[in-house]
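Student: model the structure of this input:
(3 chains)
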Amino acid sequence: MDLDVLLPKLLCIAWLLPLASFTLIVFFGPRMGKKGILASYVAAGAIVTSFILSLIAFVSWIGANGVAAPGGHHGDEHAAVSPLPVDASNSPSPMRLASLADTHAADSHGHDEHAVHEVHKPVAYTGTWYTLGQFGDLKITISYYIDALTVCMFTMVTLIASCIHFYAIGYMHDELHDITDTQVLVTKGYRGHGHGHAGHGHGAHDAHAHAHDDAEHDDHGHGHSDLPPPPAGYDYLHRPGRFHRFFQYLSLFCFSMLGLVIAGNIAMVFVFWELVGVCSYFLIGFYIERKSASNAANKAFIVNRVGDFGMIIGLMALWGSLGTFAFGDVDGQQGLFSQVRNSAHNYELRTPDGMVLQAASDEIARGVEPTAKQIETWRSEKLGYWLLVIAGLGIFCGCVGKSAQFPLHVWLPDAMEGPTPVSALVHSATMVAAGVYLVGRFYPMFTPEVLLVIAYIGLITLFIAATIAITASDIKRVLAYSTVSQLGYMMLALGIGGWSAGLFHLITHAFFKSLLFMCSGSVIHACHTNDMFRMGGLRKKMPWTAYTMLAGCLAIIGTPLFSGFYSKDAIVAQAVMFTKQNPAHGILLYGFAGGAAMTAFYMFRLWYMTFSGKPRDHHVYDHAHESPKVMYVPLVILSVFAVSVGWTMPFFGLSLTNLLEQARPAGEIGTGVLLPALSYPAEYLSHAPSVHLIATLIASATAAGGFLLATLFYGVHKLDAADVKRQFNPIYYFLVHKWYFDELYNFIFIKPLFFVSSIISKIDKNLIDVFIDKLAVGVKALSRVDDAIDRYVVDGFVNVIGNWTYSAGRSLKAVQTGKLRQYVMFIVVGTVALTVIMQWALAAE
Amino acid sequence: MNLLTEPVGVAHFMVVGAIMFACGVVCMAVKRNALGVLMGIELVLNGANINFVALGSKFLQKDGAFSLGLDGQFIALFVIVLAAAEAAVALAITLNFYNNHSTVDVDRANELKG
Amino acid sequence: MDSINWHSFFFLLFGLLASAFAVGVVVASSVVRMALYLIVALAATAGLFFLAGADFVGAMQIMIYVGGTLVLLVFGVMLTAQGPFVSMKTGGGDWLLASLVAGALLALLIPVAFSVPDWRGGEPAPAVMEPTATPIGVGLLGVRVDKLDADRPESLKPGMSSYLLPFEIVSMHLLVVLVGAAYLARTKRRRSPSQIES
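Tutor: As a prediction, this is how the structure comes out:
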């Protein structure tokens, strides 16, 4: 079967299977086996099948398109196989966008040794599964856009999701029976047995004030025999388990995430964007009875709405001026990408005609004929360019919210209230990476100015998050801030032109970060606390967890031969290249290097505090135990991938970077129009050995520095962390309070909002309500009058008529004697009388 | 006018019909037995039938005068058939009434009086 | 003295018979006698029909009325003629009222009958006797052989004067009536005899 037929089918099934599982569990969840245990098998089976299908798609992609990057400019890569897709040239399908004949000499910069550089349009299969509706020009479709990036993401998402499903079967087993949640106190005698209702009972609410210390988060409300007794007058919340519900949301999430990846138009992306958002909301709020969890879910949802608002503006700008949502060309209609960059102009970024016309609408209204030549003139006057910038910034706004970038990063650490498998899958590996994915997918549309904004946002994010992570004491929060920081890396990489570097890091990060989260989950499962200050020495108790986590740590700091090394290396190389070309933006490189050092420091701080040294809390240590097999086998699988996913497979020449190169958007980023000084180097230039050497040195040196510092502090205790804490007390508290972002937002947005709402509420109460009350009194009086009229006039009239009819009927009743013979007489008399009268009348005439 | 020598006309038939009709009416009016009432009805119908047949006859009038022709006989036939049906139904009602009230006195059938 | 007009003679005979027995039905007090008198009256009426040239109708009168309907009536009489019901007396007032009304009716009808000159008779009987069974039979099927050259509306074909539909309607009507009669008359005693007695 041709790839353009096979891939959509395979991936469609892989995409819809989790939906089927979700539907099944929604309707039959509680009845699936004992306490819904089968629900987990259904969900896991669906996602594993999806993974197998994705893997088949992955293999057939490689079979058809080879493993090498197109263009052949990677002299240092294993580009032994022919870069041309085998069946590309004779493929009959019109959907096929690969126009390999389009090999233009398109290097407009000419500042390097590659005098001639071939521009390739990436191989992509587009099409429509189903048209939901057409409203004028607006066509809302369920369509697909499948390229190497889609296939890689599909395989990555389904693989990690499969591991996490199995892991969750072990992790969530407590939910199989009734649970006593030690973090929710209810007044004595309160029985909140309904599913999910307990949190709304007032008994549970006033108990939240007594909730335990924040740092003591533990995913499980455990039914341990040695539970500390609840405070006087209170009970722990007792509720039924919700095992099936967890897997139901997990399935829905997988469906949404895969839909987001395969979506062929930006409207569909938006729909699934919101769907993953709502799944995240459900999963963060899984322990809904806990005030902190429901608050965190609300926070995540509301903060994301802020970003989505920007995204809607971007969508409107795109559709209003270009009239389509589709990425690629479908059925001969030009998609977004080819409107901005078309083959006729070497895939250079050009303001699309639609945007130019939109911006020039005033002049057209004045009577200027919009001929092709006139459009060119307008274009050279930069008309409509700002529209492209707004569209790009708007879409990026959505990505800022979803990927927890700088102004909107506050929700992600709070999202750790959800169960740990959720943190691993949703809030580190896949959903938060969706923002990065969308930036990568939407790359052809971004102007250099927008990319610069992306780069700086990424830089700020990575720096802030890394500093906060250094002081965090909650094991999951360290990882959460690490995730924010790594997402910043990806954004930075994309923003400085490192398209494949950023997406490469997205995939490697997904593996090692999900691994790290699952390891932390395993630790929490064993210790029943999140607080690192109460752990220590756990290496002996849980070796599998300790060493897989070590592999994850080594990968994330970029130790050579681990996957993180390759991706970070690529990013640093691109940063070096970029700052060389734009010295004004040198801070991007320095910030990056500092962030890398901090990453190494806090990751090993975490590992040392958790696994090495002497146990700090013997109570915790004594109860710790290695997790069951169903939990640590996925850890081992993931750690294998975390180590090796960056490698180039020997003999095959298969490497992730080369595969991603096949999806690289065609054309140069070019120089800024509004900022003419800004110019982007092509990414392949950063593969030059000279650049790479510097990059490797920087990356390794910073990582080693951070690692050494952490070892000194926490590994061998040569330096005293407490001492440093005293020395830099103000900074320490600044960081512990997370740069006071929550307080800042509280002060800037929430307090004024409350103030305004209190005023409005007063107006409402004292003005509008009073007015309405008075109005109601008036209406009441009016209706009294109405009632009287109705009662005495209308009813009286009707009653009089009725009475007349009744009395007439009564008096006529006597005529009905019931005597047959009398009736006969009446008839005859009537007949005779009638005849006589008629004769008399006729005679009278 | 001597009825024995002069040919009779429609009017004479009509007189017979009128007498039968009047007898039927009286019969209906005075008989308390439901079957008597039924017989009165038969008499009334017959009186009417005589008129129809007489008006359709060509032996009772001179040529060219108004005549129902064969239509009079058709109507008479239909009346006979309907009278038969009516008799069947009336008899059924009577028997039912007799079954339920053990009487055929129509004066007793006054449950519908106002 | 003219010779006896036999047609008039027989009319007198049958007319008197019919009238006399009709009066007999009225005055008889026993329901059995009434039925007997009615038979004679109706048979005499059949004779009148023959005199008017309606041979088929006369035959039907005897067969259906006398032979069918009256037999039905006699059955009814037999089924209900128990002691007190054979003869039920009516008050003199009723009689008086009924006679008055009937007299008024007669006084109305007889002058009307003689008010049309054409109807008074005195003309010689024309034409010859023709059997009417065939025209009636064919007429019931929709073809009027007696009106072949009569004026007719354009919409009707020659000889067509549609007694087919009335015929069918009457047939249907009869069927329904008979089914209804059978339903009404079937035996269903809701009460036990003792209750009826009380």
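
Student: helices of the stretch 501-650 of chain A, start to end?
Tutor: A:543-557, A:563-581, A:587-611, A:618-623, A:629-644 (DSSP state H, counting those that start in this stretch).

Student: ranking those by mean pLDDT, which is last?
Tutor: Comparing mean pLDDT across these, the lowest value falls on helix A:618-623: a mean of 81.

Student: that one: which residues count as buried?
Tutor: Neighbour counts using 16 or more other CB atoms under 10 Å in any protein chain shown place A:620-621 of helix A:618-623 among the buried residues. Placement of C-beta: from N, CA and C, glycine included.

Student: check stretch A:10-24 too.
Tutor: By neighbour count with 16+ other CB under 10 Å, stretch A:10-24 contains the buried residues A:10-12, A:14-15, A:17-19, A:21-22, A:24.

Student: for that stretch, the distance to its chain's centre please.
Tutor: The chain centroid and the centroid of stretch A:10-24 are separated by 18 Å, computed with CA atoms, centre = their mean, to the nearest Å.

Student: show me what it is in contact with.
Tutor: The set of residues that contact stretch A:10-24 without belonging to it, under CB atoms under 8 Å, 6 or more residues apart in numbering or on different chains, is A:42-43, A:45-47, A:49-51, A:53-54, A:56-57, A:60, A:129, A:144, A:146, A:150-151, A:154, A:158, A:247-248, A:251-255, A:258-259, A:262.

Student: separate out the buried members of those.
Tutor: When neighbours are counted using 16+ other CB under 10 Å, the contacts of stretch A:10-24 contain these buried positions: A:42-43, A:46-47, A:49-51, A:53-54, A:56-57, A:60, A:144, A:146, A:150-151, A:154, A:158, A:247-248, A:251-255, A:258-259, A:262.

Student: in strands only, show me those residues.
Tutor: Cross-referencing the buried ones among the contacts of stretch A:10-24 with the strands (criterion: DSSP state E) gives A:144, A:146 as the overlap.

Student: ok so, going back, make JSON lines out of the buried residues of stretch A:10-24 and add secondary structure and pLDDT.
Tutor: Formatted as JSON lines, the buried residues of stretch A:10-24 follow (DSSP: H, G, I helix; E, B strand; the rest coil; pLDDT from 0 to 100):
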{"residue": "A:L10", "secondary structure": "helix", "pLDDT": "91"}
{"residue": "A:L11", "secondary structure": "helix", "pLDDT": "92"}
{"residue": "A:C12", "secondary structure": "helix", "pLDDT": "93"}
{"residue": "A:A14", "secondary structure": "helix", "pLDDT": "93"}
{"residue": "A:W15", "secondary structure": "helix", "pLDDT": "93"}
{"residue": "A:L17", "secondary structure": "helix", "pLDDT": "94"}
{"residue": "A:P18", "secondary structure": "helix", "pLDDT": "94"}
{"residue": "A:L19", "secondary structure": "helix", "pLDDT": "94"}
{"residue": "A:S21", "secondary structure": "helix", "pLDDT": "94"}
{"residue": "A:F22", "secondary structure": "helix", "pLDDT": "94"}
{"residue": "A:L24", "secondary structure": "helix", "pLDDT": "92"}
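
Student: closest to B:F74 out of the helices of the stretch 501-650 of chain A?
Tutor: Closest approach to B:F74 among the helices of the stretch 501-650 of chain A (CB to CB): helix A:629-644, 100.2 Å.

Student: past that closest one, which element shows up next along the chain?
Tutor: Proceeding N to C from helix A:629-644, the next assigned helix or strand is helix A:656-661, under DSSP states H and E.

Student: how close does the spatially most central residue of chain B get to chain A?
Tutor: Chain B has B:L45 as the residue nearest its centroid, 1.8 Å off, counting by CA atoms, centre = their mean. Taking CB to the nearest CB, to the nearest Å as the criterion, B:L45 is separated from chain A by 14 Å.

Student: give me the pLDDT value at that residue.
Tutor: If you check B:L45, the pLDDT there is 93.

Student: and A:N346, backbone torsions?
Tutor: The phi and psi torsions at A:N346 (degrees, to the nearest 10) take the values phi 60, psi 30.

Student: how many residues are close by it?
Tutor: Counted with other CB atoms under 10 Å in any protein chain shown, residues neighbouring A:N346 total 18.

Student: show me what from chain A comes close to chain B.
Tutor: When proximity is defined by CB under 8 Å from any CB of the partner chain, chain A lies next to chain B at A:812-821, A:824-825, A:828.

Student: ok, 6 Å please
Tutor: On the criterion CB under 6 Å from any CB of the partner chain, chain B has as its neighbours in chain A the residues A:813, A:816-818, A:820-821, A:824-825, A:828.

Student: give me the next element, helix or strand, following the helix or strand where A:S757 lies.
Tutor: Of the helices and strands defined by DSSP H and E, A:S757 is found in helix A:751-763. Next helix or strand after helix A:751-763 toward the C-terminus (DSSP H and E): helix A:769-788.

Student: for the helix or strand following that next one, output the C-alpha coordinates as PDB.
Tutor: The element immediately downstream of helix A:769-788 (helix or strand, assigned by DSSP H and E) is helix A:795-812. Extracted C-alpha coordinates of helix A:795-812, given in PDB (Å, rounded to 0.1, in the frame of the first residue of the first chain):
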ATOM      1  CA  ASP A 795     -65.200  35.500  35.500                       C
ATOM      2  CA  GLY A 796     -68.500  37.200  36.400                       C
ATOM      3  CA  PHE A 797     -69.500  37.500  32.700                       C
ATOM      4  CA  VAL A 798     -68.700  33.900  32.100                       C
ATOM      5  CA  ASN A 799     -70.600  32.800  35.200                       C
ATOM      6  CA  VAL A 800     -73.700  34.700  34.300                       C
ATOM      7  CA  ILE A 801     -73.800  33.100  30.800                       C
ATOM      8  CA  GLY A 802     -73.200  29.700  32.400                       C
ATOM      9  CA  ASN A 803     -76.000  30.300  34.900                       C
ATOM     10  CA  TRP A 804     -78.400  31.300  32.200                       C
ATOM     11  CA  THR A 805     -77.600  28.200  30.200                       C
ATOM     12  CA  TYR A 806     -78.000  26.000  33.200                       C
ATOM     13  CA  SER A 807     -81.400  27.300  34.200                       C
ATOM     14  CA  ALA A 808     -82.700  27.200  30.600                       C
ATOM     15  CA  GLY A 809     -81.600  23.600  30.400                       C
ATOM     16  CA  ARG A 810     -83.300  22.800  33.700                       C
ATOM     17  CA  SER A 811     -86.600  24.200  32.600                       C
ATOM     18  CA  LEU A 812     -86.500  22.400  29.200                       C
END
